[in-house]
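quick one, fold the following:
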Amino acid sequence: MAEKIILNPSVSRTAESHSRRLPFAPIFDTIVAEPLPEKPLTIEEPATKIPVRPAGDGNGSRGPTFLPAESRTTNRSSGMEAVSQNGGWLYWLLAAGFLLLLAGMIYLGVQLQSQKQALAELTHTTTRTAPATADTRFLEQRPWVAINDPVPLSLTTAPGSFAVSLQDSGKTPAVGVKVTASVPPGNLPAGFENQTVPQVNRVAGALFPGAQYRTVLDFHFPPGVLAAIYRAQGQVELHINVTYEDIMHGAHTTQSCWTWHPALRSVEPCDGFGQVN
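Modelled structure (predicted):
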């Protein structure tokens, strides 16, 4: 006879529960209720905290920690103070550079003003000295025609005649050179004051620098005057006039005077007579 089996649902579930446990049952065994906070959260202490890594515990494990709000405020203030200090040094550095630049500009302005004054004085001086410099340069470059001492010729060769030479000692040519020689009547022997000696004219033309022009001034003395001079009864006063122009058509004159009588070996210049321009 078959055995009668009575099924008790509660017993069956209990037995089945011990025989058939879930694989994650140990996890639920470790779950415990979280304790309540010791004090409620306030506005001064926010719930969110910044994790900071600790230096490490004894077993070498590291875990996040949290800094309070006061620490974060202190760190922020320190950073701002550091930035303020760096900004202060930068401000003073820029200010010093600006002052140096301003001083340099002022110095350059003073130097420029001094140079302007010096240039103005130089211009004024140059303006005043320019005519004098031009005159000096002209005097150095213009022609200068000089008359060498006349040489009296002998009575047997050409009585009453004188050999004379001209020379341009300047740096430019003398143009239109003319020679005029005369013997004033007042210097003739006594008794012949009314006698005149014709003047002698010569045309030399152009005379270049360093060049010479030679000629003979052959005066036509009356025979009685010439005989009285050779008897030492009078003397001859010879006047020579040279006119010429420079290349700029400026007129110039050279005048000279000599006295002579047969007892002299050479002519002698007259006192206080002579002109060169």
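
residue ranges of the helices in the stretch 151-277 of the chain, please?
Listed from the start of the chain, the stretch 151-277 of the chain has helices (DSSP state H, counting those that start in this stretch) covering 223-230.

might you list the low-confidence residue ranges for it?
Applying pLDDT under 70 to the stretch 151-277 of the chain flags residues 185-187, 193.

cutoff 90 now
Applying pLDDT under 90 to the stretch 151-277 of the chain picks out residues 153-160, 169-170, 183-197, 220-237, 247-249, 259-267, 270-277.

strands of that one, start to end?
Counting by DSSP state E, counting those that start in this stretch, the stretch 151-277 of the chain forms strands over residues 151-152, 161-168, 174-182, 200-207, 212-218, 236-245, 251-260, 268-269, 275-276, given from the N-terminal end onward.

will you turn those strands into TSV that also has mean neighbour count and distance to Val225?
Just so you know, the C-beta spots here come from the backbone N, C-alpha and C atoms, and that holds for glycine as well. Converted to TSV, these look like this (neighbours: other CB atoms under 10 Å; distance: least, CB to CB, whole Å):
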stretch	mean neighbour count	distance to Val225
strand 151-152	18	15
strand 161-168	20	14
strand 174-182	19	14
strand 200-207	16	16
strand 212-218	16	15
strand 236-245	20	9
strand 251-260	18	14
strand 268-269	12	20
strand 275-276	12	28
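
was I right to think Val225 contacts Pro189?
Yes - with the criterion set as CB atoms under 8 Å, Val225 and Pro189 qualify as a contacting pair; they are 6.3 Å apart.

compare neighbour counts for these two and give me the winner.
Val225 (23 against 19; other CB atoms under 10 Å).

nearest residue to the more buried one in space, please, no chain neighbours.
Phe192 (4.9 Å; CB to CB, 6 or more residues apart in numbering).

and the one you found, how many neighbours?
Burial of Phe192, expressed as a neighbour count using other CB under 10 Å, amounts to 18.

I'd say it and Phe221 touch.
No - applying CB under 8 Å, one finds Phe192 not in contact with Phe221, separated by 9.5 Å.

related to what we said a few turns ago, overlap in contacts, Val225 and Pro189.
Here Val225 and Pro189 share the contacting residues Gly234, scored by CB atoms under 8 Å, 6 or more residues apart in numbering.

against Thr215, how distant is the residue lying closest to Phe208 once chain neighbours are set aside?
Nearest residue to Phe208 in three dimensions, chain neighbours excluded: Pro173, at 4.8 Å (CB to CB, 6+ apart). Pro173 is 18 Å from Thr215, where distance means CB to CB, to the nearest Å.

ok, Val151 next?
Using CB to CB, we find Val151 at a distance of 12 Å from Thr215.

any shared contact partners between those two?
Jointly contacting Val151 and Thr215 under the rule CB under 8 Å, 6+ apart are Ala163, Val164.

and stretch 172-192, end to end?
In terms of CA to CA, to the nearest Å, the two terminal residues of stretch 172-192 are separated by 45 Å.

contact partners for the nearest residue to Val183 once chain neighbours are set aside?
In space, and not counting its chain neighbours, Val183 is closest to Val197: 4.5 Å by CB to CB, 6+ apart. Shown here is Val197, whose contacts under the criterion CB under 8 Å, 6+ apart are Ser182, Val183, Pro185, Leu188, Phe219, His220, Phe221, Pro222, Val225.

one more pass at 7 Å, please.
Val183, Phe219, His220, Phe221 (CB atoms under 7 Å, 6 or more residues apart in numbering).

just the buried ones among those residues, please.
Val183, Phe219, Phe221 (16 or more other CB atoms under 10 Å).

ok, the last one touching Gly160?
To tie it back to what came earlier, the one meant is Phe221. Yes - taking contacts as CB atoms under 7 Å, Phe221 lies within contact range of Gly160: 4.4 Å.
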